[in-house]
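Trainee: Quick one: sequence plus predicted model below, questions after.
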Amino acid sequence: EAQVTQNPRYLITVTGKKLTVTCSQNMNHEYMSWYRQDPGLGLRQIYYSMNVEVTDKGDVPEGYKVSRKEKRNFPLILESPSPNQTSLYFCASSLGLAGDLTNTGELFFGEGSRLTVL
Amino acid sequence: GDSVTQMEGPVTLSEEACLTINCTYTATGYPSLFWYVQYPGEGLQLLLKATKADDKGSNKGFEATYRKETTSFHLEKGSVQVSDSAVYFCALSGGDYKLSFGAGTTVTVRA
């Protein structure tokens, strides 16, 4: 089954304790992205990756790191979490986005990871 | 930069009522437009899309038409069901490898 898998789905942690949210896709997609969802703000992009070893900042990258060592995996790292990073996080993947004539930007989302930083 | 504005919710309807969620966009060039739906406890999934002006996307009884002259992509359904209760997001892809989302509209349909 084609899917994007995130772990953990729920996490409560404390300020400053490093954590990693993993993301894996089995669709051989080149493009992967992380979003955070907050009430009234919709989804905001944190980082994205167009291919292995290629990553770029989205709209709200501060406090986050990512890596793309393999095509299928795109972990999100919070080196020193703070309470303002309490949010619902989504990983998504796509064959490509607008500009790629074979694909028009459909994103496939994971089920989300709800993170609480105390 | 590219942006999407959609009507604020929440929206509460009775079953079989008509639903319209307004969405307008700002973009350079010719973006592709999308509606995504998020059911309770789940990730977002694509509901429908349109890639050029005057295209109509449709799925599950929902429709939206890409209107370049009014820069709009309003979502409509003629008769909603309880199972349509969800958060709906309008989004655009402008060719810069980024999908920009609106703030989302929460829709609740009561039996």
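Mentor: That came through, no problem.
Trainee: any idea which element residue A:48 lies in?
Mentor: Residue A:48 is part of strand A:42-51, with elements assigned from DSSP states H and E.
Trainee: so who does residue B:50 touch?
Mentor: B:32-33, B:56-57, B:64-66, B:73 (CB atoms under 8 Å, 6 or more residues apart in numbering or on different chains). No exception for glycine: its C-beta is placed from N, CA and C like everyone else's.
Trainee: are any of these buried, and which?
Mentor: If you count burial by 16 or more other CB atoms under 10 Å in any protein chain shown, the buried members of these come out as B:32-33, B:57, B:64-66, B:73.
Trainee: what's the most distant pair in those residues?
Mentor: With CB to CB as the measure, no two of the buried ones among the contacts of residue B:50 lie farther apart than B:32 and B:65, at 13.8 Å.
Trainee: ok, and of the contacts of residue B:50, which contact chain A?
Mentor: Applying CB under 8 Å from any CB of the partner chain to these, one finds that residue B:32 fall near chain A.
Trainee: Mind putting the contacts of residue B:50 into JSON lines with secondary structure and pLDDT?
Mentor: Converted to JSON lines, the contacts of residue B:50 look like this (DSSP: H, G, I helix; E, B strand; the rest coil; pLDDT from 0 to 100):
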{"residue": "B:32", "secondary structure": "strand", "pLDDT": "88"}
{"residue": "B:33", "secondary structure": "strand", "pLDDT": "92"}
{"residue": "B:56", "secondary structure": "strand", "pLDDT": "96"}
{"residue": "B:57", "secondary structure": "strand", "pLDDT": "95"}
{"residue": "B:64", "secondary structure": "strand", "pLDDT": "98"}
{"residue": "B:65", "secondary structure": "strand", "pLDDT": "97"}
{"residue": "B:66", "secondary structure": "coil", "pLDDT": "96"}
{"residue": "B:73", "secondary structure": "coil", "pLDDT": "97"}
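Trainee: Closest one of the contacts of residue B:50 to chain A?
Mentor: residue B:32 (4.7 Å; CB to the nearest CB).
Trainee: That closest one reaches residue B:51, doesn't it?
Mentor: Yes - using CB atoms under 8 Å, residue B:32 makes contact with residue B:51 at a distance of 4.6 Å.
Trainee: Residue A:40 and chain B: what is the separation?
Mentor: Here the criterion is CB to the nearest CB, to the nearest Å. By it, residue A:40 lies 6 Å from chain B.
Trainee: secondary structure class for that residue?
Mentor: Classification of residue A:40 by DSSP: H, G, I helix; E, B strand; the rest coil places it in coil.
Trainee: Per-residue pLDDT of it, please?
Mentor: Residue A:40 is assigned a pLDDT of 82 by the prediction.
Trainee: Tell me how many other residues surround the closest residue in space to residue B:53 that isn't next to it in sequence.
Mentor: Of all residues not flanking residue B:53 in the chain, residue B:68 sits nearest, at 3.8 Å (CB to CB, 6 or more residues apart in numbering or on different chains). Other residues near residue B:68 number 11, with proximity taken as other CB atoms under 10 Å in any protein chain shown.
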